[in-house]
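Student: Pasting a predicted model and its sequence here:
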Amino acid sequence: MKTFLLLPTGIADVPVAALDGHTPLEAANTPHLDRLAQQSRLGLVRQVPEGRAQSSDAAVLSVLGYDPRRTDATRGGIEAAGMGVELGAEDLAFRMNFVSTFRGHLVDFSAGHIGGVEARLLVEALQQRLGGALPGGAARGLSASFHPGLGYRNLLVLRGGRRLQIETVPPQEVQGQALADYQPYGPDAAVLGELIERATAVLAAHDVNRVRVDLGENPADRIWPWGRGWLTELEPFELRTGRSLAVIAAVPLVRGLGTLMGAEVPAVPGATGHYDTDWSAKLRAALAALDRHDVVLLHYAAANEACHESDVRGKIRVLEELDRFVVGPLLTALRARGDCRLMLTTDHMTSAVERERSTSHVPFALWGPGIEPLRAGRFTEAAAAQGELNVEDGHLLLEFVLAGALPPGEPAQASAAHTEEAR
């Protein structure tokens, strides 16, 4: 029996006032998701272990059956793998966003979702001007290298910097706030802070940003390193499970996890990691991979981008496109095969209008041969909370699916508490 994991990040949410107290999933027109709910078992799962910050790196590890508490996976190390950048044992890597600022405030964490060609030109300029030994760092063996990724998502590596003590804040949590309040901090933060200021001067003089300003687009006028990490290794997925894996994703984080797990991670033309992604091309690639592999993970990031941008209407549009271009055709294809179970879930529940609000549990649906449906009305957060399945250790959910068994359940009234938590 094969397993298809559909992971659209950011689809689950809390009720928002702009939708009269409904969630985007409740407000969206999603007939295929609703039909899936009527033919599935729904429940809630805690993807990120209690006590850990809600983050996609930990959550996607859980979805793929790895306990985040037992891995040394780090954001920077994962993103480096996803971009094909080799790290040495003494290197320190940061996810590096291009961001837009105005009057001392961060106004756009993605620099207007700068395109790949423009971003690559900027990264190349940074590498040409600033790559190499750091001022004052030669005696410590410190040097910098800049690496292009996907649009605003890029990578900064401090070679020889593994032991530097530097802390940062993700830029999506800083949007609209004063830059001065969210600078890198820690005993060695000055090393990174100086590099950021030097990069700002390079970006200000670049033709890409001059043209963007002339066109009324947000310039990529500052780099924002965050999510530090180092050389990361994971036990191969096939060794853990006895099954082969393919990962279909655009964003470096998910591609990196697939790479570290020894999965096939093909490039899909038209996959952008944003609203304009080619939904159908990614689905076709995933279904093709299902012919070659036992487990396929198909990841979409568009709904999560809407959350970061506090765009509730955009999120509803994304949900409806996901339903039309992915869920409907996927169900048709899997029914025709007859040899595959589907697990649909998300990483962590985050509000599209209030990013600081999140809950610890997210909905999931299990569908396919051997899974008896309970015929919920719709695929929503509330419907999942009323289900009898509640999985506290998210990394075990895939194990249940691969074994063809349902996870231990809780009575509906016990799970219903999570409905109140979401509200």
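Tutor: Yep, that arrived.

Student: May I see the buried residues of the helix or strand containing Ala384?
Tutor: In the assignment (DSSP states H and E), Ala384 maps to helix 381-385. Along helix 381-385, these residues count as buried under the neighbour rule (16 or more other CB atoms under 10 Å): Glu381, Ala382, Ala383, Ala384, Ala385. All C-beta atoms are positioned from the backbone trio N, CA, C, and that covers glycine.

Student: so the first one touches Thr23, yeah?
Tutor: Yes. Judged on CB atoms under 8 Å, Glu381 makes contact with Thr23 at a distance of 5.6 Å.

Student: what's the neighbour count on the nearest residue to His105 once chain neighbours are set aside?
Tutor: Of all residues not flanking His105 in the chain, Ala178 sits nearest, at 5.6 Å (CB to CB, 6 or more residues apart in numbering). Applying other CB atoms under 10 Å, we find 11 residues neighbouring Ala178.

Student: Likewise for Arg35?
Tutor: By other CB under 10 Å, 16 other residues sit near Arg35.

Student: in which helix or strand would I find the residue nearest to it when sequence neighbours are not counted?
Tutor: In this structure, Arg35 finds its nearest non-sequential neighbour in Leu331, 7.3 Å apart by CB to CB, 6+ apart. Using DSSP H and E, Leu331 falls within helix 328-337.

Student: what is the mean pLDDT for that helix?
Tutor: For helix 328-337, mean pLDDT is 97.

Student: other SSEs contacting the helix or strand following it?
Tutor: With elements assigned by DSSP H and E, the helix or strand that comes after helix 328-337 is strand 340-345. If you count contacts as 3 or more CB pairs under 8 Å, 6 or more residues apart in numbering; DSSP states H and E, strand 340-345 packs onto strand 2-8, helix 328-337, strand 362-367, helix 395-402.

Student: List the strands paired with strand 340-345, with their directions.
Tutor: Strand 340-345 has these partner strands in its sheet, going by DSSP bridges: strand 2-8 (parallel), strand 362-367 (antiparallel).

Student: Figure out which of those strands is closest to Phe94.
Tutor: Phe94 lies closest to strand 2-8 among those, at 24.7 Å (CB to CB).

Student: ok, and what's touching the closest one?
Tutor: Here strand 2-8 makes contact (CB atoms under 8 Å, 6 or more residues apart in numbering) with 60, 63-64, 243, 254, 286, 290, 293-300, 302-303, 322, 326-327, 330, 334, 337, 339-347, 398, 401-402.

Student: quick one, what contacts Pro266?
Tutor: Ala246, Ile248, Ala285, Ala289.

Student: Apply 6 Å and report the result again.
Tutor: Contact analysis of Pro266 by CB atoms under 6 Å, 6 or more residues apart in numbering lists nothing.

Student: Helix, strand, or coil at it?
Tutor: coil (DSSP: H, G, I helix; E, B strand; the rest coil).

Student: same question, the one 3 residues further on
Tutor: For Pro269, the assignment made with three-state DSSP gives coil.

Student: start at 91 instead
Tutor: Noted, 91 is the first residue going forward, which turns the last one into Pro359.

Student: any idea how far it lies from Asp413?
Tutor: Going from Pro359 to Asp413 by CB to CB, to the nearest Å gives 23 Å.

Student: of those two, who's got more company?
Tutor: Just comparing Pro359 and Asp413: by other CB under 10 Å the higher neighbour count belongs to Asp413, 20 against 8.

Student: what's the more buried one sitting at in phi/psi?
Tutor: Main-chain dihedrals, Asp413, degrees, to the nearest 10: phi -60, psi -40.

Student: my guess is it meets Thr120, correct?
Tutor: Yes. Between Asp413 and Thr120 there is a contact under CB atoms under 6 Å: 4.1 Å.

Student: before we move on, the earlier item: rebuild the strands paired with strand 430-435 as JSON lines, extending it with distance to Thr191.
Tutor: JSON lines is the format used below for the strands paired with strand 430-435 (distance: least, CB to CB, whole Å):
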{"stretch": "strand 92-98", "distance to Thr191": "31"}
{"stretch": "strand 452-457", "distance to Thr191": "33"}
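
Student: closest one to Glu328 among those?
Tutor: That would be strand 92-98 among the strands paired with strand 430-435, by CB to CB, at 13.3 Å.

Student: helix or strand right after that closest one?
Tutor: Past strand 92-98, the next helix or strand by DSSP H and E is helix 114-117.

Student: That next one packs against which elements?
Tutor: helix 402-412 (3 or more CB pairs under 6 Å, 6 or more residues apart in numbering; DSSP states H and E).

Student: Report the residue spans of the stretch 91-240 of the chain with pLDDT below the cut-off.
Tutor: By pLDDT under 70, the weakly predicted segments of the stretch 91-240 of the chain are 226-229.

Student: hmm, try it at 90
Tutor: Applying pLDDT under 90 to the stretch 91-240 of the chain flags the ranges 99-100, 102-109, 138-147, 161-163, 223-231.

Student: The stretch 241-390 of the chain now?
Tutor: Using pLDDT under 90, the flagged stretches of the stretch 241-390 of the chain are 262-263, 265, 360-367.

Student: all helices for it, in order.
Tutor: Assigned by DSSP state H, counting those that start in this stretch, the stretch 241-390 of the chain shows helices spanning 279-294, 297-304, 327-331, 342-350, 369-382.

Student: helices or strands up against the second one?
Tutor: Other elements packing on helix 297-304 under the criterion 3+ CB pairs under 6 Å, 6+ apart are helix 206-220.

Student: Spatially nearest residue to Val153 (excluding sequence neighbours)?
Tutor: Spatial nearest neighbour of Val153, excluding adjacent residues (CB to CB, 6+ apart): Leu97 at 5.8 Å.

Student: And for the one you found, the neighbour number?
Tutor: Residues lying near Leu97 (other CB under 10 Å) number 24.

Student: so what's Leu123 up against?
Tutor: By CB under 6 Å, 6+ apart, the contact list for Leu123 reads Asp413, Val417, Phe469.

Student: which ones are touching the residue lying closest to the second one once chain neighbours are set aside?
Tutor: Going back to what we said before, that points to Val417. Closest residue to Val417 apart from its sequence neighbours, by CB to CB, 6+ apart: His122 at 4.1 Å. Residues near His122 by CB under 6 Å, 6+ apart: Asp413, Val417, Gly418.

Student: Since that was my last question, I'll sign off now.
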